[in-house]
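A.B. asks: Here is the input, now give the coordinates:
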Amino acid sequence: MIFGRDDDAKYTERDDLPVLEKKDVSGNYIKNTILPRLAGKDWQLQFESQNYLRSVYKHVPEIFSTGKEATFLTVAMIDNLTKSAENLRSQVRKNGLTTIGELFEEVPEANNISDGSLDALTQMLLKHCADKNKFVSDPAAKTFLTVCGYMDDQNRVVNLLHS
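C.D. replies: Prediction:
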């Protein structure tokens, strides 16, 4: 395992994420291990899985750039990250928000999410933008702007805000 467990989740800056090589990353591992951890109840595994994905986005983003499986993985990650960003632990919430923002920056397939997924993501981000806790609201605002800036069709977000 690349990421160790710790009783207190510590945020890792993007430049300090562990380096991954293509040979160390597989779509099957993400689908069969990482996605279930994001959907699970263990906050430490959620946090660790978020950081694993952040490393994949940074070092091996091409794994998400071709084929139907890449699109499936990207959409499934967005849906699971949207849910994990609702975690009661603020560290997991902040890290989930950051992970979503980095996904949109690094993975062009993120633009292909369904309107339903985009709606859930937008609603979650707006909710956290209004949070009184700046530890959560600041990364939510940054991620919202990132998502809007990297969408191929900004009208999709605008239409959601008007509905």
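
A.B. asks: Work out which residue lies at the spatial centre of the chain.
C.D. replies: Centroid check for the chain by C-alpha atoms, centre = their mean gives Ile100 as the closest residue, at 2.9 Å.

A.B. asks: Okay, and that residue sits in which element?
C.D. replies: helix 90-106 (DSSP states H and E).

A.B. asks: Do me a favour and average the pLDDT over that helix.
C.D. replies: Confidence over helix 90-106 (mean pLDDT, whole number) is 94.

A.B. asks: what comes up buried for it?
C.D. replies: 91-106 (16 or more other C-beta atoms under 10 Å). All C-beta atoms are positioned from the backbone trio N, CA, C, and that covers glycine.

A.B. asks: and if you look at stretch 143-160?
C.D. replies: Applying a neighbour-count criterion of 16+ other C-beta under 10 Å, one finds Thr143, Phe144, Thr146, Val147, Cys148, Tyr150, Met151, Arg156, Val157, Leu160 buried in stretch 143-160.

A.B. asks: Go through the residues you listed and name the one nearest Ala110.
C.D. replies: Lowest distance from Ala110 to the buried residues of stretch 143-160 (C-beta to C-beta) belongs to Tyr150, with 7.0 Å.

A.B. asks: nearest spatial neighbour of that closest one, skipping sequence neighbours?
C.D. replies: Counting by C-beta to C-beta, 6 or more residues apart in numbering, Tyr150 lies nearest to Phe104, which is 4.3 Å off, once chain neighbours are set aside.

A.B. asks: What of Ser26?
C.D. replies: Of all residues not flanking Ser26 in the chain, Ile63 sits nearest, at 8.0 Å (C-beta to C-beta, 6+ apart).

A.B. asks: State the distance from the one you found to Leu88.
C.D. replies: Remark: distance between Ile63 and Leu88 (C-beta to C-beta, to the nearest Å) = 31 Å.

A.B. asks: who's more crowded, the two?
C.D. replies: Taking other C-beta atoms under 10 Å, Ile63 and Leu88 do not tie; Ile63 has more neighbours (20 against 7).

A.B. asks: Confirm for me that the more buried one is in contact with Val56.
C.D. replies: Yes. The criterion here is C-beta atoms under 8 Å, and Ile63 meets it with Val56 at 6.5 Å.

A.B. asks: Residues that sit against both of the two, list them.
C.D. replies: Val25, Ile30 (C-beta atoms under 8 Å, 6 or more residues apart in numbering).
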